[in-house]
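*Asks:* any chance you can model this:
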Amino acid sequence: MLEKLQEILNSAKQTVAQIDDKVALTQASATFLGKNGALSGLMKGLRDMQPEERRNMGEQLNELRDTLIKLFEDKEAEINHNLLERKLSSERVDVTIPVHPKEYGCMHPIEALKKDIIDYLITLGFELKDGTDIETDMYCFEKLNVPKEHPAREMQDTFYIDSDTVLRTHTSAMQVRTMEAQTPPIKMISAGNAYRIDEVDATHSPIFQQLEILVVDEHVTLADLIGTLEGVVKKVLGEKTEIRVRPSYFPFTEPSVEIDAVCPKCGGKGCSTCGDTGVIEILGAGMVHPNVLEGCGIDTAKYRGFAAGFGLDRLAMLKYGIEDLRDMYENNITLLKQSK
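*Replies:* Coordinates of the predicted model:
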């Protein structure tokens, strides 16, 4: 029997020495170590032996199996090494060839604009406050001096979840919540999505980005408001940009103003961008209405405030020369790279 074991080992060594690919190695392994292989046949013969003889022969067979396994593993490692060597010798990499530049992503124009404005306002001492897109009627309208029967609701009384819950039509609700929770002085920014029932066209969307600011303190004046907004406009559209202030109406501010900027495309001469007026309306603002301050528990005999709201979508169109609002949401890579 020992001669038979040595014969199997010698035969395996001779076979493995002549193999140079994995397929042949797998077949040879099955011949010697497989279910119907040479070693398996000897294993089956153990059941006919006496206990002592079976034990000794079993030990010999286990040693042979381990030797054969290592023999095939070593051969496989040798084949893998040879394959790698051949691959390395046939494939050359010229490290002097210039590589293609990597394409890096960029921030969306609206997000880039929002970040610039927020960063600038933070240097002036403002604090960013986050609110939710879903608001109650109370905070979205009534605490902003817009009761249920008020005509100003017509353009904003839109996406209701239930009779008292609405998708916010502006980010002003966060201003009210801040005034209720914080004692003046207050300098805050609220930014995010707003929702109104507008038709989708080149300058309108039922979902748009808004950024608002609020200041409440002693001795706050309209001049402080105009100075702050002029700084923001110059930051966004350039230091040479001039603004025009004209009276307007908002139920939550008194007095109220609209801020126009001299058209950056034509310099005030009139063009298609500004509708031949030479100026472009960019934001609404005003001194916070006493009813709003008092509704938030703020003493109007001591404190005054101002507030302003930017439509970031339209401001981004103006800054980056985009003629159609919808272009910013259609994944036009060339257009989006303008904000880099």
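*Asks:* who are the packing partners of the host helix or strand of Asn82?
*Replies:* In the assignment (DSSP states H and E), Asn82 maps to helix 51-90. In terms of contacts (3 or more Cβ pairs under 8 Å, 6 or more residues apart in numbering; DSSP states H and E), helix 51-90 is packed against helix 2-17, helix 22-33, helix 38-44. The C-beta positions use only the backbone N, C-alpha and C, and glycine is treated the same way.
*Asks:* the longest one versus helix 22-33: what angle between them?
*Replies:* To tie it back to what came earlier, the one meant is helix 2-17. Between helix 2-17 and helix 22-33, the angle comes out at 180 degrees (axes from the mean of the first three to the mean of the last three Cα atoms, to 10 degrees).
*Asks:* name the helices or strands packed onto helix 2-17?
*Replies:* Counting contacts by 3+ Cβ pairs under 8 Å, 6+ apart, helix 2-17 is packed against helix 22-33, helix 38-44, helix 51-90.
*Asks:* comparing these by mean pLDDT, which bottoms out?
*Replies:* Among the helices and strands packed on helix 2-17, helix 38-44 carries the lowest mean pLDDT, at a mean of 76.
*Asks:* and that one, how far from the chain's centre?
*Replies:* Mean-position distance between helix 38-44 and its chain equals 64 Å (Cα atoms, centre = their mean, to the nearest Å).
*Asks:* quick revisit: which among the helices and strands packed on helix 51-90 is found nearest to Asn80?
*Replies:* Smallest distance to Asn80 across these (Cβ to Cβ): 8.3 Å, for helix 22-33.
*Asks:* relative to Met57, how far out is the residue of the chain most remote from its centre?
*Replies:* Distance from the C-alpha centroid of the chain, by Cα atoms, centre = their mean, peaks at Gln50 (75.3 Å). Applying Cβ to Cβ, to the nearest Å, the value for Gln50 to Met57 is 10 Å.
*Asks:* so, low pLDDT: which residues of the protein?
*Replies:* Filtered on pLDDT under 70, the chain yields the residue ranges 1-2, 152-157, 273, 338-340.
*Asks:* before we move on, the earlier item: would TSV of the helices and strands packed on helix 2-17 with distance to Ala307 be doable?
*Replies:* Output for the helices and strands packed on helix 2-17, formatted as TSV (distance: least, Cβ to Cβ, whole Å):
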stretch	distance to Ala307
helix 22-33	75
helix 38-44	88
helix 51-90	69
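*Asks:* now render these as JSON lines, adding distance to Val232 and mean neighbour count.
*Replies:* Listed next are those as JSON lines, based on distance: least, Cβ to Cβ, whole Å; neighbours: other Cβ atoms under 10 Å:
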{"stretch": "helix 22-33", "distance to Val232": "70", "mean neighbour count": "16"}
{"stretch": "helix 38-44", "distance to Val232": "85", "mean neighbour count": "15"}
{"stretch": "helix 51-90", "distance to Val232": "61", "mean neighbour count": "13"}
